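*Asks:* Structure, please.
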Amino acid sequence: MNGLPARSAAWPEAGGGVARAAGARSRPSPAAAPPLVWAGAGLLAAAAWLVLRAWSGLETMEPVCALRQIAHIGCPTCGFTHALVALARGEVSASVAFHPMAVAIVSQMLAAWLAWGWSLARGRAAGSGRWLAHAVALDVAAGLAVWIARLATGTIPA
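*Replies:* Model (predicted):
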């Protein structure tokens, strides 16, 4: 009668929870979400790694780089897919020849995933992520430096 909606089974309780009707399905707790996301990210990366490892026809694959097709020069990421495939097959020297940054980027991604899992296992938050912006900036700067050096020496894969 006071203009407020009547209480229902989904009305928030004083403790911040939500009252549930008998027999209603409960959702996973928010605390369970980060480990599930971490495990999902790991499974997705493992699946991508297996796809790269099994990739055939890489030698005959045409470049899809717009910069190469228009300006006839390789872009900063030219050779990166080939480098990832070679790395997934265990051919580290071939990977470095295709793109020197591939090993570093994959290593950083693996280290970040392991650190994330370690923090979850210890019951801590993953952190502020401020380091991520610095890591990305350093990778972009290093990638541009590698690209300029490869352009100058003519070592970008054809």
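
*Asks:* Buried residues of stretch 82-98, list them for me.
*Replies:* 82-88, 95-96, 98 (16 or more other Cβ atoms under 10 Å). Heads up, the C-betas are built off the backbone N, CA and C, glycines and all.

*Asks:* Residues in contact with it: which ones?
*Replies:* 49-50, 52-53, 55, 58, 79-80, 99, 101-103, 106, 157 (Cβ atoms under 8 Å, 6 or more residues apart in numbering).

*Asks:* thinking again about what came up before, any chance of the buried residues of stretch 82-98 in CSV, plus pLDDT and distance to residue 114?
*Replies:* As requested, the buried residues of stretch 82-98 are exported to CSV (pLDDT from 0 to 100; distance: Cβ to Cβ, whole Å):
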residue, pLDDT, distance to residue 114
82, 86, 26
83, 90, 22
84, 90, 19
85, 89, 23
86, 90, 23
87, 92, 17
88, 91, 18
95, 92, 21
96, 93, 23
98, 89, 25
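
*Asks:* By neighbours, which of the contacts of stretch 82-98 wins?
*Replies:* When neighbours are counted by other Cβ atoms under 10 Å, residue 99 leads the contacts of stretch 82-98 with 28 neighbours.

*Asks:* The residue nearest to the spatial centre of the chain sits in which helix or strand?
*Replies:* With distances taken as Cα atoms, centre = their mean, the residue of the chain nearest its centroid is residue 109 (6.9 Å). Using DSSP states H and E, residue 109 maps to helix 101-121.
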